[in-house]
Each structure stands twice: as structure tokens, then as C-alpha cells.
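> sequence first, predicted model second:
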Amino acid sequence: MKRVYDYRGFEIEVSVEAHHGPADTGQSRYGLGYLAIVAITKAGQPVSCFTPLRLGETAGRPFRNEADALMGGFSAGRRLIDDLGDNDRD
């Protein structure tokens, strides 16, 4: 699954990748979880602003489902862009 979000003149591309390993699924210690792969580009430019990031939830665990991975990746991308903008104002 992949989504592209526009945010403040940037594009945040979030892909979701299945991950077998420790996951807090509520069923067992090991199971299927999901990672978010986040790439940020300036709108209309083919080169990423940052190296793509592979993200899970806290404590190194993968996300429980694809929707959480998408939203977690989008939130992380927005924070990076906001932090970049804050540094430009200093």
C-alpha cells in the first residue's frame, strides 16, 4: 500500500511493508506487523529531501495494521517538514 500526501509544498510518500517479527497484536508475542517507509520530496522535484525512513511504533515494534502505519508515517513526515521550516526561521 502506498499513499502520497501534499504538505506545505512538499510531498510525503508513505509506503507500508509487512514485517514478520515481534508485534504487539494482542494475540501472541510474534506476528505480522507493518512498517512505514517515508520519503519526502519538494513538490515537482524528483530528488528526496531526506533519505527514506523506515518507521515502526514505539520501542521498535511494528505497527499493528496498515492504516496505523500510513498515519504514523504521514505524522512523522509532517514533523520533519515542520522542524525543517522552524530551522529556516532562525
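Yep, it's here.

> host element of the residue nearest in space to the middle of the chain?
For the chain, residue 73 is the residue whose C-alpha lies nearest the centre (C-alpha atoms, centre = their mean; 2.2 Å). Per DSSP states H and E: residue 73 is located in helix 66-89.

> re earlier: pretty sure the residue nearest to the centre of the chain contacts residue 36?
Yes. At 3.1 Å, residue 73 counts as touching residue 36 under the criterion of C-beta atoms under 8 Å. Just so you know, the C-beta spots here come from the backbone N, C-alpha and C atoms, and that holds for glycine as well.

> quick check: neighbours shared by these two?
14, 15, 16, 55 (C-beta atoms under 8 Å, 6 or more residues apart in numbering).

> quick one: which of the residues you listed sit in helices?
Counted as lying in helices by DSSP state H, out of the shared contacts of residue 73 and residue 36, is not a single one.

> so which of those residues wins on neighbours?
Top of the shared contacts of residue 73 and residue 36 by neighbour number is residue 14, holding 25 neighbours under the definition other C-beta atoms under 10 Å.

> per-residue confidence for the nearest residue to that residue once chain neighbours are set aside?
The shortest distance from residue 14 to any non-neighbouring residue, by C-beta to C-beta, 6 or more residues apart in numbering, is to residue 73 (3.6 Å). pLDDT recorded at residue 73 is 96.

> distance of residue 73 from residue 82?
Per C-beta to C-beta, to the nearest Å, residue 73 is found 15 Å from residue 82.

> for residue 39, list each beta-bridge partner.
residue 13 (DSSP bridges).

> now for it, how many residues are close by?
Residue 39, neighbours per other C-beta under 10 Å, totals 19.

> my read: it touches residue 48, true?
Yes. With contact defined as C-beta under 8 Å, residue 39 reaches residue 48; the gap is 5.2 Å.

> residue ranges in this structure under the pLDDT threshold?
Scanning the chain for pLDDT under 70 picks out 21-31, 86-90.

> excluding covalently adjacent residues, which one is nearest to residue 85?
Closest residue to residue 85 in three dimensions, ignoring its sequence neighbours and counting by C-beta to C-beta, 6+ apart: residue 8, at 7.0 Å.

> now do the contacts for the residue nearest to the centre of the chain.
By C-beta under 8 Å, 6+ apart, the residues touching residue 73 are 12, 14, 15, 16, 36, 37, 38, 55.
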